[in-house]
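Undergrad: here's my sequence, what's the structure:
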Amino acid sequence: MEEDFQNIKEQLESKFVNKLLDFVLNGDNNPTFRSDPEPFMFCYNIVTHYGNKHSVAEKLFNYHNEVIEKGINSAYEKIKDLSGLELADSFVLFTERINYLILKMFHIFSYIEFYYMKSVGKKYDKLVKFSLEIYKKCFYDKLKEKINEILNGNVVDETKKEKIKASIKHLEFAEPIIQIKKEDKTVFWLEKENEKK
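TA: Residues are numbered from 1 along each chain as shown. Here you go, the predicted structure:
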């Protein structure tokens with residue numbers, strides 16, 4: 001079983017997950033990465049195919065969280081020593097990339113949320129809430145003191161301060177939902193009760 005799951009992981013990583021993690025660190029250095037639906041659908045189909053087996057579904061759920069944590073930790077390592085204007089810009093940029101990671105991982109693993117979490121008799125929050133907890137623990141909380149200094153100081157202008165505040169507003173949401181604008185691939189968060197019917 002462990003060998004089978006290792007094979008599943010390798011397929012997910014070679015087809016799409018490694019590209020997602022590279023995007024978090026380096027941005028759009030692969031022109032077709034965000035426009036080609038085939039690698040994403042390949043991964044989604046793998047998760048859907050294997051996700052109806054409890055033992056594999058649990059491993060997939062844990063793997064989802066591991067990937068999110070790996071991506072977020074790599075982003076933190078890249079900007080942890082920055083300060084002032086450079087940190088302000090990088091914090092917003094990497095939060096945007098992390099949001100894309102969270103969105104695509106949620107889309108790939110959504111079957112786990114709909115099948116596994118509701119069928120094993122355990123209470124789980126949504127995958128995006130797990131992802132946000134990881135973002136908070138591994139990224140925001142570690143940079144919070146520096147970010148607060150920027151927000152309370154005069155190193156950056158009000159426009160940049162508002163960008164920082166907007167980039168973390170979703171941390172206050174009780175029922176966060178993550179979506180993407182088709183026209184410019186901008187990822188955004190909203191509260192569940194404000195979701196358009």
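
Undergrad: residues in contact with residue 65?
TA: By C-beta atoms under 8 Å, 6 or more residues apart in numbering, the contact list for residue 65 reads 130-131, 134. From N, CA and C alone the C-beta is placed, and that goes for glycine too.

Undergrad: check the spacing between the residue lying farthest from the centre of the chain and residue 161 real quick.
TA: In the chain, counting by C-alpha atoms, centre = their mean, residue 154 sits farthest out from the average C-alpha position, at 30.5 Å. Distance check for residue 154 against residue 161: by C-beta to C-beta, to the nearest Å, it reads 10 Å.

Undergrad: one more: residue 109?
TA: Applying C-beta to C-beta, the value for residue 109 to residue 161 is 34 Å.

Undergrad: just the strands in this structure please.
TA: Here the chain has its strands, by DSSP state E, at 176-180, 187-191.

Undergrad: circling back: quick check, pLDDT for the residue farthest from the centre of the chain.
TA: Per-residue pLDDT puts residue 154 at 94.

Undergrad: now swap in the one 4 residues further on and tell me
TA: The pLDDT attached to residue 158 in the predicted structure is 96.

Undergrad: counting neighbours, what do you get for it?
TA: Residue 158 has 8 neighbours, counted by other C-beta atoms under 10 Å.

Undergrad: for the one 5 residues further on, same thing?
TA: Neighbourhood size, residue 163 [other C-beta under 10 Å]: 17.

Undergrad: what's near enough to touch it?
TA: Residue 163 sits next to 88, 92 when contact means C-beta under 8 Å, 6+ apart.

Undergrad: now it: how far from residue 130?
TA: Between residue 163 and residue 130 the computed distance is 26 Å (C-beta to C-beta).

Undergrad: helix or strand, whichever it is, which one in this structure has the lowest mean pLDDT?
TA: Of the helices and strands making up the chain, the lowest-confidence element is helix 117-119, at a mean of 58, by mean pLDDT, DSSP states H and E.

Undergrad: list the buried residues in the longest helix anywhere in the chain.
TA: Of all the segments of type helix in the chain, defined by DSSP state H, the longest one is helix 84-111. Across helix 84-111, burial judged by 16 or more other C-beta atoms under 10 Å covers 87-92, 94-106, 108-111.
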